[in-house]
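Student: give me the fold of what follows.
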Amino acid sequence: MAAGFGSKVVWITGASSGIGEALAGAFAREGAKLVLSSRRMEELERVARHYQLSSDRVLILPLDLGQLHNADELVSAVINKFGRIDVLVNNGGISQRSYAEETSLEIDRKIMEVNYFGQIALTKAVLPEMIRRESGHIVVMSSIAGKFGFYFRTAYAASKHALQGFFEALRLEVEDRGIQVLIAVPGKIQSNISLHALKGDGSAHAVMDKSQEQGMPAAECAALILSAMNSGKEEILIGGREIKAVWIKRFFPGLFGRIIRKQTRE
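Tutor: A predicted model of the protein is given here:
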């Protein structure tokens, strides 16, 4: 994909807050046409107003990744509005804060439905259009939890590991048809993800993790993602010191094991 997104149609899920909202701003400043999706219509409208997106530049398209049974209809709505889809950013998701034995299987399934099945359902619905045009860029938001497990995140880590595998394989299948796949792997980013994380009974964690609060600003994360897209990267690790753990695990697994067990359980 050529540098710049001024002529692109960009669809962002989880666009009502955090990294998704920051990405909307980053693409908007470049002049892209945006499709903003999440469950919360009023928040999507707020984002559109905040970035002064005129009606010819934005489509607000609410969806629930946990119950995504109309992906083809949603794709048709985007095509009817803008004529094409150049970029799909699979950013929506939900985290977890609970021990495995305290987490009902229903919650495990819900997290997997939102973070994995919802993402691939939307991707599979968009793919035929990108393949037809032999052009497109798919971005998926993984996590360092997609590289290694961590306390209180069994289902979340499983869902992110699944995303890594699916989109790494998908990249191989579609790269010769003009479609790029970028896997973004953020660490601690300033967002409300810990507030909305699920406890074992399905209730909200409702606590801002200190490490999240002190993380990288979402706008900085978004800028790095756009830069990685323009550079044609396949994966980008984003964050502070915590990102070093990915490399330590790869090259010094014994040391990694000792370090991870000393981490704060939040």
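Student: what's the longest strand seen in the chain packed up against?
Tutor: Taking DSSP state E as the criterion, the chain has its longest strand at strand 179-186. Here strand 179-186 touches helix 118-133, strand 136-141, helix 154-174, helix 218-230, strand 235-238, going by 3 or more Cβ pairs under 8 Å, 6 or more residues apart in numbering; DSSP states H and E. The way it works is simple: take the backbone N, C-alpha and C, and place the C-beta from them, glycine included.
Student: can you rerun that using 10 Å?
Tutor: helix 18-29, strand 87-90, helix 118-133, strand 136-141, helix 154-174, helix 218-230, strand 235-238 (3 or more Cβ pairs under 10 Å, 6 or more residues apart in numbering; DSSP states H and E).
Student: which one of the ones you listed lies nearest to residue 40?
Tutor: Taking Cβ to Cβ, helix 18-29 is the member of those nearest to residue 40, at 11.2 Å.
Student: export the helix or strand that contains residue 77 as CSV, just CAs?
Tutor: Here residue 77, judged by DSSP states H and E, is contained in helix 71-82. The C-alpha coordinates for helix 71-82 follow below in CSV (Å, rounded to 0.1, in the frame of the first residue of the first chain):
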residue,chain,number,x,y,z
ALA,A,71,-21.1,-9.4,9.0
ASP,A,72,-22.1,-9.6,5.3
GLU,A,73,-24.8,-7.0,5.8
LEU,A,74,-22.4,-4.7,7.5
VAL,A,75,-19.9,-5.1,4.6
SER,A,76,-22.7,-4.3,2.2
ALA,A,77,-23.5,-1.1,4.1
VAL,A,78,-19.9,0.1,3.9
ILE,A,79,-19.7,-0.7,0.1
ASN,A,80,-23.0,1.1,-0.5
LYS,A,81,-21.6,4.2,1.3
PHE,A,82,-18.0,4.3,0.1
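Student: pLDDT on that helix, on average?
Tutor: Mean pLDDT, helix 71-82: 97.
Student: quick one: it to helix 118-133, angle?
Tutor: 50 degrees (axes from the mean of the first three to the mean of the last three Cα atoms, to 10 degrees).
Student: now for helix 71-82, which elements pack on it?
Tutor: strand 9-13, strand 33-37, strand 58-60, helix 118-133.
Student: point out the most buried one among these.
Tutor: strand 33-37 (a mean of 27; mean count of other Cβ atoms under 10 Å).
Student: let's test this: mean pLDDT of that strand, rounded?
Tutor: pLDDT averaged over strand 33-37 gives 98.
Student: tell me the buried residues in the helix or strand following that strand?
Tutor: Beyond strand 33-37 on the C-terminal side, the first helix or strand identified by DSSP H and E is helix 41-50. Across helix 41-50, burial judged by 16 or more other Cβ atoms under 10 Å covers 43, 44, 47, 48.
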